[in-house]
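Undergrad: heads up, no residue letters with this:
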């Protein structure tokens, strides 16, 4: 192997050809910097069962307050406005039949709006349930369905959350049975005429805690799942006896 002699002082400078190609720049690139690490996410602990039940009770309290606002606020103002229109109508001369008809139309619209507002408020928390308790409220609900329903309820009052959960669980069950009965009649069938029996009681004692017991006899036990959705958030339970088909559903809700 021949080595190229080094250039000595006084030698003529080498040509670019003699010097050879310049050193190629390094093709290696520095590695990318590591991205900044984000703070690790922190998962909040699952609320304890007692905390969940307190939150559910507070939710029912908010529903009851909202219903009262609608009932004592907007509904009363609409009623007052309809009354004022009626008084104004009597002051209009009989020679103005078109104006009379316009006022009557406005009154009809206000009454329709008032009824719709009451229907919405009742779906939030029925005023009769708030004022009179489960017995009267369930009897009124029974009058709205075509299937025969008998309500046996004591005069005991319970906390708003327990009463609300019990009421809506029973109403949803009755509505489902009423719809099934109507569909059977429409198909030419003959639905049973045995009444649904609803019994409401307070059971337990002060040491072990009070429980609101709602028993439905003669109902399709397939509706027990929907009732459980209403009561379990308050720590309630559902027991089923009989079935498939007609049987007994018993809801138990811890109450105050």
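TA: On my side now, so go ahead. It should be emphasised that the depicted structure is a prediction, and the values quoted were computed from it without experimental measurement.
Undergrad: Show me the strands in the stretch 101-250 of the chain, by range?
TA: For the stretch 101-250 of the chain, the strands defined by DSSP state E, counting those that start in this stretch cover 149-153, 196-205, 209-220, 237-242, 246-255.
Undergrad: Can I get those strands in a markdown table including mean pLDDT and mean neighbour count?
TA: (C-beta placed from N, C-alpha, C; glycine too.) Shown next, in a markdown table, are the strands of the stretch 101-250 of the chain (pLDDT from 0 to 100; neighbours: other CB atoms under 10 Å):
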| stretch | mean pLDDT | mean neighbour count |
| --- | --- | --- |
| strand 149-153 | 94 | 17 |
| strand 196-205 | 92 | 16 |
| strand 209-220 | 92 | 21 |
| strand 237-242 | 92 | 15 |
| strand 246-255 | 92 | 20 |
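Undergrad: Could I get the ones you listed in TSV, plus columns for distance to residue 76?
TA: Output for the strands of the stretch 101-250 of the chain, formatted as TSV (distance: least, CB to CB, whole Å):
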stretch	distance to residue 76
strand 149-153	29
strand 196-205	31
strand 209-220	31
strand 237-242	39
strand 246-255	31
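Undergrad: What segments of this structure are helices?
TA: For the chain, the helices defined by DSSP state H cover 16-19, 49-69, 75-91, 97-124, 127-132, 134-143, 160-186, 224-231.
Undergrad: what does stretch 234-242 contact?
TA: Applying CB atoms under 8 Å, 6 or more residues apart in numbering, the contact partners of stretch 234-242 are 49, 53, 56-57, 161-162, 165, 221, 224, 227-228, 230-232, 247-254.
Undergrad: just stretch 221-233 next, same as before
TA: Under CB under 8 Å, 6+ apart, the answer for stretch 221-233 is 52-53, 56, 165-166, 168-170, 172-173, 176-177, 236-238, 240-249, 251-253.
Undergrad: And stretch 156-171, what's buried?
TA: 158-171 (16 or more other CB atoms under 10 Å).
Undergrad: For residue 99, see how far away residue 107 is.
TA: In this view, residue 107 and residue 99 are 13 Å apart by CB to CB, to the nearest Å.
Undergrad: of the two, who's got more company?
TA: residue 107 (17 against 13; other CB atoms under 10 Å).
Undergrad: who touches that one in this structure?
TA: Taking CB under 8 Å, 6+ apart, one finds 82, 85-86, 89 in contact with residue 107.
Undergrad: Report the buried members of these.
TA: For the contacts of residue 107, buried by 16+ other CB under 10 Å: 82, 89.
Undergrad: any chance of the contacts of residue 107 in CSV, with distance to residue 118 and pLDDT too?
TA: Output for these, formatted as CSV (distance: CB to CB, whole Å; pLDDT from 0 to 100):
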residue, distance to residue 118, pLDDT
82, 13, 88
85, 19, 87
86, 19, 85
89, 24, 81
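Undergrad: Closest to residue 153 out of the contacts of residue 107?
TA: residue 82 (34.3 Å; CB to CB).
Undergrad: Confirm for me that residue 255 is in contact with residue 202.
TA: Yes - if you go by CB atoms under 8 Å, residue 255 and residue 202 touch, sitting 7.4 Å apart.
Undergrad: which residue sits closest to residue 78, ignoring its sequence neighbours?
TA: residue 114 (4.7 Å; CB to CB, 6 or more residues apart in numbering).
Undergrad: Tell me who's in contact with the one you found.
TA: 75, 78-79, 82.
Undergrad: Closest one of those residues to residue 208?
TA: Looking across the contacts of residue 114 and measuring by CB to CB, the closest to residue 208 is residue 75, at 41.5 Å.
Undergrad: if we can go back for a sec, if you average pLDDT over each of the helices of the chain, which is lowest?
TA: Note on these: lowest mean pLDDT is at helix 16-19, with a mean of 52.
Undergrad: Cheers, nothing more for now.
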